[in-house]
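Student: prediction below, plus the sequence it came from.
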Amino acid sequence: MKKILVVDDESSLRKGIAMALRSKGYMTLEAEDGAVGLDLAVNHKPDLIISDVYMDNMNGFVMVENLKEDPETANIPVIMMTSAAQGAGAWKSEIAVEYLEKPFQMAKLVDVVEKILSRK
């Protein structure tokens, strides 16, 4: 069973995403910020991480940079959710990162998840 980590400070969105993924047969882990997400990723090695960009404590970009520095987590694919999308322009990374612009349909997220996991 594929394991997906969902990192978002907005509880209702995080729980909604996790519920949608569980309904498709995925195991989910949830984190309310990048620091908790980083800890869960290091300890549980998910197959995919879905993360918000802008969060307190540690944002999604910093979390992914930290993941990239650890050989154990460097190749975990990431979907970054943001209302700014790539307009932020600050994202240049070797790690497999997809962007999903908020707001999005849950079906679109599930499609992107399945596309990424089918490549692994």
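Tutor: Nice, I can see it.
Student: pLDDT below threshold where in this protein?
Tutor: 84-96, 120 (pLDDT under 70).
Student: again, only using 80
Tutor: 83-97, 120 (pLDDT under 80).
Student: hey, what's the spatially most central residue of the chain bridged with?
Tutor: Central residue of the chain (C-alpha atoms, centre = their mean): Ile50, 1.6 Å from the mean position. On the basis of DSSP bridges, Ile50 is bridged to Val6, Ile79.
Student: residues contacting it?
Tutor: Residues near Ile50 by C-beta atoms under 8 Å, 6 or more residues apart in numbering: Ile4, Leu5, Val6, Val7, Asp8, Ile17, Val78, Ile79, Met81, Leu109, Val113. Where you see a C-beta, it was placed from the backbone N, CA and C, and this is true even at glycine.
Student: need these in CSV (columns: neighbour count).
Tutor: Output for those, formatted as CSV (neighbours: other C-beta atoms under 10 Å):
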residue, neighbour count
Ile4, 23
Leu5, 25
Val6, 28
Val7, 31
Asp8, 26
Ile17, 25
Val78, 24
Ile79, 21
Met81, 25
Leu109, 18
Val113, 24
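Student: right, and Phe81 touches Asp52 too?
Tutor: Just to correct that, residue 81 is Met rather than Phe. Yes - Met81 lies in contact with Asp52 (C-beta atoms under 8 Å); the separation is 5.3 Å.
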